[in-house]
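Engineer: Here is my input; please provide its structure:
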Amino acid sequence: MNKLFNIGDKIYGFCNGYFGRDDYDTKLCILVNDRYAVFQYLDGEFEGNATVLNNPDRLDEETVAEWKQDPYAL
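Structural biologist: Presented below is the predicted three-dimensional model:
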């Protein structure tokens, strides 16, 4: 995961369903190591809570780069 995320990265939107089929909330990476990353919800129903993303073998840099694109940026 260290190659995909850095502490402070924000991810937006559906994220290919990795966080659940109904999860579109913005998240902030608060911890990352080689096997998993921990994200804190910045908005939505779970604001302030955290979630873990593991299984880095199924992710690639191109997919994660799409997650990091702010849909509201000009």
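Engineer: CA atoms for contacts and neighbours, from now on please.
Structural biologist: OK.
Engineer: And for the most centrally placed residue in the chain, nearest residue in space, chain neighbours not counted?
Structural biologist: Centrality entry for the chain: nearest residue to the mean C-alpha point is I11, 4.5 Å, by C-alpha atoms, centre = their mean. Among residues not flanking I11 along the chain, K68 sits closest, at 4.5 Å (C-alpha to C-alpha, 6 or more residues apart in numbering).
Engineer: For P71, see how far away R58 is.
Structural biologist: Distance from R58 to P71, counting by C-alpha to C-alpha, to the nearest Å: 24 Å.
Engineer: can you check G20 too?
Structural biologist: To P71, G20 is 19 Å away according to C-alpha to C-alpha.
Engineer: Over to D34?
Structural biologist: 28 Å.
Engineer: Quick one: the strands in this protein, in order.
Structural biologist: For the chain, the strands defined by DSSP state E occupy 10-11, 27-32, 36-41, 50-54.
Engineer: other SSEs contacting the shortest one?
Structural biologist: It refers to strand 10-11. Counting contacts by 3 or more C-alpha pairs under 8 Å, 6 or more residues apart in numbering; DSSP states H and E, strand 10-11 packs against strand 27-32.
Engineer: Listing partners with orientation, what would you give for the strand it packs on?
Structural biologist: In the sheet, strand 27-32 lines up against strand 10-11 (antiparallel), strand 36-41 (antiparallel) (DSSP bridges).
Engineer: looking at those strands, which is closest to N2?
Structural biologist: The minimum distance between N2 and those falls on strand 36-41, with 8.3 Å, by C-alpha to C-alpha.
Engineer: Residues touching that closest one, excluding its own?
Structural biologist: Contact with strand 36-41 is made by 1, 5, 25-32, 47-56, as judged by C-alpha atoms under 8 Å, 6 or more residues apart in numbering.
Engineer: change it to 6 Å
Structural biologist: Defining contact as C-alpha atoms under 6 Å, 6 or more residues apart in numbering, one finds that strand 36-41 is touched by 1, 27-31, 47-54.
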